[in-house]
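> Let's see this in three dimensions:
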Amino acid sequence: MTVGTIYAQSRLKKAGIFCISPQRINMCGKLKLICFDKTGTLTEDGLDMLGVVPLQDHFLPLIQHADELPRGPFLACMAACHSLTIIEGQITGDPLDLKMFEATKWILEEQGQDDTTKYGNMMPTVVKPTTTETYLQPNTEQLPYEIGIVRQFPFSSNLQRMSVITRTLGAKNMDIYVKGAPEMIASLCNKQTVPMDFHSTLQSYTQKGLRVIALAWRPLSQKVSWRRIQKLPRSEVENDLTFLGLLILQNMLKPQSTQVINQLREADIRTVMVTGDNMLTAISVARECGMIDPNSSVVLVTASPLSSTSPSTIEWSYDVPPQNKGMQIENGFPKQNLYQNQKLPAPSTNFHFAINGKSFAVIKNHFADVMPKIIQKGTVFSRMSPDQKRQLVEALQELGYGVGMCGDGANDCGALKSAHAGISLSEAEASVASPFTSSIPNISCVPIVIREGRAALVTSFGVFKYMALYSIIQFISVMILYWINSNLGDFQFLYVDLVITTTVAILMGYNGAYTHLVKKRPPGSLVSPIILISIILQILVQIIGQTTAYFLLFTQDWFEPLHPSQDADENILCPENTVIFIVSSFQYIIVAAAFSRGPPYRTPIWQNVWFLISLIVLCMYTAFMLFYPNYLSFLESFFQVYQLGPDHMKFCWIIFTVIIVNATLTFAIEWLMGKAFIKTFIKPCRKKNASKNIYKRIEKEIMNDPDWPPIGQVTTSNCVS
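Prediction:
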């Protein structure tokens, strides 16, 4: 039963995909939904600095060359607010931090490289400009302009920001610089410093799929000492900030992403994006890669938490598509009156939900009845924390989906571990939690894993069916021979068990995965009706085959029935034994070939060369024992085979005809079991009133309710704090 999994794991390894949990391979064959991280998974790892948008009461036009900015908090924040370090003379760290720092054209120096006694015992990392004009402080007797990084608060996915506390050489106070998600940074800033056009400007960039980072700053009191700084919690300093502006970075879609997403959708495998990035950026990428059809609507689901004066609410509104960017915007969203009484385009299910992490948490806690529908129609989940990614995967599993997750970062670890099949594109933290790790740096590994999972699943069921039929065929043979007080000989058993069964059982799993993903999935249970009906019909065919051959023997004039002896060994060499042995030997070979199915899940049988050769050799050798055993005299004594041919050649051809008919019926049954009309015929007999998969029932409910979701309306929970 594990043969298919072993071969699939070997093929995955050759394809550059490593599996540490082989039992998950079979699960990949039943995947119905794949969750994708965005940055580094659907899009490139690297970021290109498009420019900066500084602030002067309102946002200025985009400045492409950040190093041309005048010296001040904005440039200092870009140069200092990062976690870069020097390893073997090279600046290394987060790609975003690296691009931001390189744009300033400043220098980074670490302790031990130069004299740092001017900073006392702190020995901080130092950043400084390279040009003489900016390197020297004005009016301070040429004191160098250097910024020492005194303390770092590392980036947190949950907090959506990082910050540093710095001290400029010669300054009497320290400063805190913060960078992170624009919405989060704006919420930490003094409201008077956040420009009125913040939301509309942010939306104009994110709708183009650009990555936007906000910067903020605050000078600390001169009374704050170095010792106190080392003990301060970040919540005490990351507040009342001054908003500085935006960094605009371009994160290009990987060339393979669109092709793979289309391939999965053609195979009726749903795709979902779960990311920590901005919602509008995520929607733009989802449209670009094909997760969202050009003609589909995107419904923004915005939930407000419970308060002392009002219950939690959900607002439903359309996303502003790129062609409607001239519409009026209020707080980053279309005004309500633009969508009053607007209906969804036909069909009613042609829409996708987009939701952020905060709204996801509110709906999960206060709208349990709406949550399954949000999950079912949700395609973009943005600003999701690592734990929320895991919760989303588990919620999808509860709906009955076989869920795969593909990501590349430490914030994907929980989701990768919880999914039925987690695929990591990184060999760092994510690979520890993920059953699969791909050395292919793009999502083209996902269809490979699914195809191999389907091939392994079909192989496992094929081997199961073969072992079941092998046991039944041998049982039939023994029961017929017991009837006349005979049995198969020791070497006949050895030939069947070791030469035929072991050889074909091992080699029949060597078929590779088929090159194309189809909509139809293989059966997921050993006791599924298709498999059970196939086994029952095959048992009947094998019974008919052996009994027909046995009774045809009695029609021959030359045949003399066995007269049983007290010595059981003397009852083996007889025509009855030989006929049953030859026919059953062919049956083992026939069912092995019939159960070794090729497309649409595995490559055709003729591409499994060793298996094909073994079938041909075994058929030829067994036919030789039927027609010409006298040419090899040891066959009669070794296998205890009665000599039928060439003296009774006519009867040999009759037996061979029975074998041909047996093979035809065996292959015909397997061919029929693969046809869709058989499933349609069986379905009424199962008396299945409702689908066992919850997501199908939810989808049906949504289709039957043309007024849902309530666009332009507010849904209210039933409780107030």
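> can we go C-alpha only for contacts and neighbour counts from here?
OK.
> If you count neighbours, what's buried in the host helix or strand of S534?
The secondary structure element spanning S534 is helix 529-553 (assigned by DSSP states H and E). Neighbour-count burial for helix 529-553, counted by 16 or more other Cα atoms under 10 Å, picks out 529-531, 534-535, 538-539, 541-543, 545-547, 549-550, 553.
> quick check, nearest of these to R287?
Distance ranking of the buried residues of helix 529-553 against R287, using Cα to Cα, places I530 first at 39.1 Å.
> Any figure for the gap between A549 and Q556?
Between A549 and Q556 the computed distance is 12 Å (Cα to Cα, to the nearest Å).
> which neighbours do the two share?
With contacts defined as Cα atoms under 8 Å, 6 or more residues apart in numbering, no residue is adjacent to both A549 and Q556.
> what about L618, how many neighbours?
Other residues within reach of L618 by the criterion other Cα atoms under 10 Å amount to 19.
> Can you give me the pLDDT of it?
L618 carries a pLDDT score of 95 in this model.
> Let me see the contact set for it.
Here L618 is in contact with I500, I589 (criterion: Cα under 8 Å, 6+ apart).
> ditto for the one 5 residues further on
Residues in contact with A623 (Cα under 8 Å, 6+ apart): none are found.
> how near is it to A66?
Where A66 is concerned, A623 sits at a distance of 83 Å (Cα to Cα).
> same thing with N577?
Taken as Cα to Cα, the spacing of N577 relative to A66 amounts to 91 Å.
> show me what contacts P604?
So P604 contacts N511, R597, G598 (Cα under 8 Å, 6+ apart).
> let's see 10 Å
Residues in contact with P604, defined by Cα atoms under 10 Å, 6 or more residues apart in numbering, are N511, G512, A513, Y514, S596, R597, G598.
> quick one, what contacts the fifth one?
With contacts defined as Cα under 10 Å, 6+ apart, the neighbours of S596 are 458-459, 461-463, 466, 504-505, 507-511, 602-605, 608, 611, 670.
> Confirm for me that V380 is in contact with F351.
No - contact status for V380 versus F351: not in contact, 11.6 Å apart, counting by Cα atoms under 10 Å.
> which residues touch K128?
Taking Cα under 10 Å, 6+ apart as the contact definition, K128 lies against 76, 79-80, 104-109, 134-136, 144-148, 168.
> Drop anything exposed from the residues you listed.
Neighbour-count burial within the contacts of K128 applies to 76, 79-80, 104-106, 108-109, 135-136, 144-148, 168; the criterion is 16+ other Cα under 10 Å.
> Show me the residues you listed that map onto helices.
Among these, the subset assigned to helices under DSSP state H consists of A76, A79, A80, T104, Y135.
> nearest to P70, of those?
When those are compared for distance to P70 (Cα to Cα), A76 comes out closest, at 10.0 Å.
> So which residues of the stretch 501-650 of the chain form strands?
Secondary structure of the stretch 501-650 of the chain (DSSP state E, counting those that start in this stretch): no strands located.
> can you check the stretch 101-250 of the chain too?
Counting by DSSP E, counting those that start in this stretch, one finds strands in the stretch 101-250 of the chain at the ranges 107-109, 125-128, 147-156, 161-168, 175-180, 210-219, 242-250.
> Adding distance to C413 and mean pLDDT, write these out as JSON lines.
Putting the strands of the stretch 101-250 of the chain into JSON lines (distance: least, Cα to Cα, whole Å; pLDDT from 0 to 100) gives the following:
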{"stretch": "strand 107-109", "distance to C413": "32", "mean pLDDT": "91"}
{"stretch": "strand 125-128", "distance to C413": "31", "mean pLDDT": "90"}
{"stretch": "strand 147-156", "distance to C413": "14", "mean pLDDT": "91"}
{"stretch": "strand 161-168", "distance to C413": "19", "mean pLDDT": "94"}
{"stretch": "strand 175-180", "distance to C413": "21", "mean pLDDT": "96"}
{"stretch": "strand 210-219", "distance to C413": "23", "mean pLDDT": "93"}
{"stretch": "strand 242-250", "distance to C413": "25", "mean pLDDT": "94"}
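> Excluding sequence neighbours, find me the nearest residue to G462.
Spatial nearest neighbour of G462, excluding adjacent residues (Cα to Cα, 6 or more residues apart in numbering): F595 at 5.2 Å.
> That neighbour and S614, how far apart?
Separation of F595 from S614 (Cα to Cα): 15 Å.
> can you check T379 too?
As for T379, its distance to S614 is 49 Å (criterion: Cα to Cα).
> quick one, which of those two is more surrounded?
Just comparing T379 and S614: by other Cα under 10 Å the higher neighbour count belongs to T379, 25 against 18.
> So the more buried one: helix, strand or coil?
In three-state terms, and counting by DSSP: H, G, I helix; E, B strand; the rest coil, T379 is strand.
> I'd guessed it sits against K373; true?
No - with contacts counted by Cα under 10 Å, T379 stays clear of K373, the gap being 11.8 Å.
> OK, contacts around V617?
F611, A623.
> from here on, count from 657
With the count now opening at 657, the last piece we talked about shows up as V1273.
> Redo the contacts of P1260 as JSON lines? Include pLDDT and distance to E839.
Formatted as JSON lines, the contacts of P1260 follow (pLDDT from 0 to 100; distance: Cα to Cα, whole Å):
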{"residue": "N1167", "pLDDT": "91", "distance to E839": "53"}
{"residue": "G1168", "pLDDT": "91", "distance to E839": "49"}
{"residue": "A1169", "pLDDT": "94", "distance to E839": "46"}
{"residue": "Y1170", "pLDDT": "94", "distance to E839": "47"}
{"residue": "S1252", "pLDDT": "92", "distance to E839": "57"}
{"residue": "R1253", "pLDDT": "87", "distance to E839": "55"}
{"residue": "G1254", "pLDDT": "91", "distance to E839": "53"}
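> now, among the residues you listed, which is nearest to D1068?
Sorting those by how near they are to D1068, with Cα to Cα, puts A1169 at the top with 28.2 Å.
> count of neighbours near the closest residue to that closest one other than its chain neighbours?
Distance criterion Cα to Cα, 6+ apart; nearest residue to A1169, sequence neighbours excluded, is R1258 at 4.4 Å. R1258 is flanked by 25 other residues according to other Cα under 10 Å.
> quick one on the thing from earlier: what is the mean pLDDT for the helix holding S1190?
Averaging the model's pLDDT scores along helix 1185-1209 yields 94.
> Packing partners of that helix?
In this structure, helix 1185-1209 packs against helix 1101-1139, helix 1231-1251, helix 1305-1329, helix 1332-1338, with contacts taken as 3 or more Cα pairs under 10 Å, 6 or more residues apart in numbering; DSSP states H and E.
> between the second one and helix 1101-1139, how big is the angle?
Spelled out, that is helix 1231-1251. Put simply, helix 1231-1251 runs at 170 degrees to helix 1101-1139, going by axes from the mean of the first three to the mean of the last three Cα atoms, to 10 degrees.
> How far does helix 1231-1251 sit from its chain's centre?
43 Å (Cα atoms, centre = their mean, to the nearest Å).
> In stretch 825-845, which residues are buried?
Within stretch 825-845, the residues that qualify as buried are 825, 829-838, 841-842, 844-845, counting by 16+ other Cα under 10 Å.
> Looking at those, spot the one nearest A1017.
Sorting the buried residues of stretch 825-845 by distance to A1017 puts A837 at the head of the list, at 18.1 Å, by Cα to Cα.
> Distance-wise, check that closest one relative to R1039.
The gap separating A837 from R1039 is 9 Å, by Cα to Cα.
> what residues are shared contacts of these two?
When contacts are counted by Cα under 10 Å, 6+ apart, A837 and R1039 are jointly contacted by Q816, G932, D933, N934.
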